[in-house]
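>>> quick one: sequence plus predicted model below, questions after.
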Amino acid sequence: MAVFTALHLDDIGQWITQFPLGKPLALKGIASGIENSNFFLSTERGEYVLTIFENLSFEQLPFYLQLMRHLADRGVLVPAPIANADGELVTALQGKPAAIVSKLDGSSQMAPQAVHCAAVGAMLAKMHLAAQDFPLQQPNLRGLDWWNTTTPLVLPHLDDAKAHLLRAEIHFQDAFAACDTYKAIPRGPVHADLFRNNVMFDGEQLTGFFDFYFAGCDTWLFDVAVTVNDWCVDLATGVLDTVRVRALLDAYQAVRPFTHEEQTAWQPMLRAAALRFWLSRLYDYYQPREAEMLTPHDPSHFERILRERIATPAPELF
């Protein structure tokens, strides 16, 4: 979450009257992340997060916000979108789509232990099952089609070794996505970006998942792979911590058992999850956008993870 659209308390005085939140008291930009403009919002009624969407359209946003509402209604710990007097979850602010959601308690656990990974795994499985009957459909907008479109944009910036790795992995993932095993994997709405900084904890108690604005319909296993590649790695090397991996996978499986097709697809899917974030970080690094409080992530982190997943098999699902 960054700040691309500057906003001050005076700018929202009239706009916020359409919401049942009382008078705004404070507004503070949030520096982490790279996609939207986000602000902590304090009002007479409580603490919230205000987001101005820089890339997503008015037409795309109902999927994300209604998914959050759907999950919250089914006991999944997520922020609750706030509707205005007309029942709308998305309204225009500074000429762009904007939304307000409740602020979760706690803080991000940036040095997770097995107990935190187990809590994340169990809630992720609960989220997948709770979203099975969500009626809206939208693809993962950073999925295979985006990878193929974006690769030619970053290749000219890479040295020969990196370019070879990227071309080879795209070829591998294209073939994997066409195979029968991949097509048999269960799917539905996924978070697709469940990193450490998108989950809140109060001590060892998980208090919620947030930042659903990369969500889409994809394989549940891809969501698990994205999560494992962040929560269960040594950040310096990209090597998986078997204890944390086992804690997350076992807790997930206790809620939603993995299938045999998912077991077969697990190693390729970990590579897919690494590729997705290596590619997006390359794109953000070489195609930067103007913003306040924005520092692009280092692409080399997920290059290391991808090379490690290719070289070293991860612990199996079960």
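Yes, it's here. Residues are numbered from 1 along each chain as shown.
>>> so which strand or helix has Val101?
Assigned by DSSP states H and E, Val101 belongs to strand 96-102.
>>> from the centroid of the protein, which residue is nearest?
In the chain, the centroid-proximal residue (C-alpha atoms, centre = their mean) is Asp193; its distance is 1.8 Å.
>>> C-terminal to the strand holding Val101, what's the next element?
Stepping forward along the backbone from strand 96-102, the first helix or strand reached (DSSP H and E) is helix 114-130.
>>> how far away from the center of its chain is that following helix?
Taking the mean of its C-alpha atoms, helix 114-130 sits 14 Å from the chain's own mean (C-alpha atoms, centre = their mean, to the nearest Å).
>>> residues making contact with it?
Residues outside helix 114-130 that contact it (C-beta atoms under 8 Å, 6 or more residues apart in numbering): 70-71, 74-78, 109, 112, 188-191, 194, 199, 201, 204-206, 209, 220, 223-224, 227, 231-232, 243-256. All C-beta spots, glycine's among them, are computed from the backbone N, C-alpha and C.
>>> list the contacts of the residue nearest to the centre of the chain.
With contacts taken as C-beta under 8 Å, 6+ apart, Asp193 has the following neighbours: 211, 213-215, 226.
>>> what do you get if the cut-off is 7 Å, keeping everything else the same?
For Asp193, the set of contacting residues under the criterion of C-beta atoms under 7 Å, 6 or more residues apart in numbering consists of 211, 214, 226.
>>> number of residues surrounding the last one?
When neighbours are defined as other C-beta atoms under 10 Å, Val226 has 26 of them.
>>> thinking it is in contact with Ala192, fair?
Yes: counting by C-beta atoms under 7 Å, Val226 touches Ala192, with 6.3 Å between them.
>>> and the pLDDT at Ala291?
According to the predicted model, the pLDDT of Ala291 comes to 51.
>>> go ahead and confirm Val101 touches Pro79.
Yes: because the distance of 3.8 Å satisfies C-beta under 7 Å, Val101 is recorded as touching Pro79.
>>> who touches both of these two?
49, 68.
>>> helices of the chain, start to end?
Along the chain, counting by DSSP state H, helices occupy 61-73, 114-130, 144-154, 160-177, 180-183, 220-231, 242-255, 260-286, 300-311.
>>> would you mark the buried spots in the fourth one?
Put plainly, it is helix 160-177. Residues 162, 165-166, 169-170, 173, 176 are the ones in helix 160-177 that count as buried (16 or more other C-beta atoms under 10 Å).
>>> tell me which of the contacts of Asp193 is nearest to Leu41?
Of all the contacts of Asp193, Asp211 has the smallest distance to Leu41: 15.6 Å, by C-beta to C-beta.
>>> could you measure the residue lying closest to Ile30 once chain neighbours are set aside against Phe134, distance?
The spatially closest residue to Ile30, leaving aside those adjacent along the chain, is Asn38, at 4.2 Å (C-beta to C-beta, 6 or more residues apart in numbering). Applying C-beta to C-beta, to the nearest Å, one obtains 24 Å for the distance of Asn38 from Phe134.
>>> neighbour count winner among the two?
Shown here are Asn38 and Phe134; by other C-beta under 10 Å, Asn38 has more neighbours (25 against 17).
>>> pretty sure the more buried one contacts Val49?
Yes: Asn38 sits in contact with Val49 when judged by C-beta under 7 Å, with a separation of 6.2 Å.
>>> overlap in contacts of those two?
Shared contacts of Asn38 and Val49 (C-beta under 7 Å, 6+ apart): none.
>>> give the bridge partners for the residue nearest to Ile30, please.
Per DSSP bridges, residues listed as beta-bridge partners of Asn38: Thr51.
>>> measure it to Ser57 for me?
Distance, Asn38 to Ser57, by C-beta to C-beta: 18 Å.
>>> before we move on, back to that, nearest to Arg45, of the helices of the chain?
Set against Arg45 and scored by C-beta to C-beta, the helices of the chain come closest in helix 61-73, at 17.5 Å.
>>> so which elements touch that closest one?
Helices and strands touching helix 61-73, as assessed by 3 or more C-beta pairs under 7 Å, 6 or more residues apart in numbering; DSSP states H and E, comprise strand 96-102.
>>> who does the strand it packs on touch, helix- and strand-wise?
By 3+ C-beta pairs under 7 Å, 6+ apart, strand 96-102 packs against strand 46-52, helix 61-73.
>>> that concludes my questions; thank you for your assistance.
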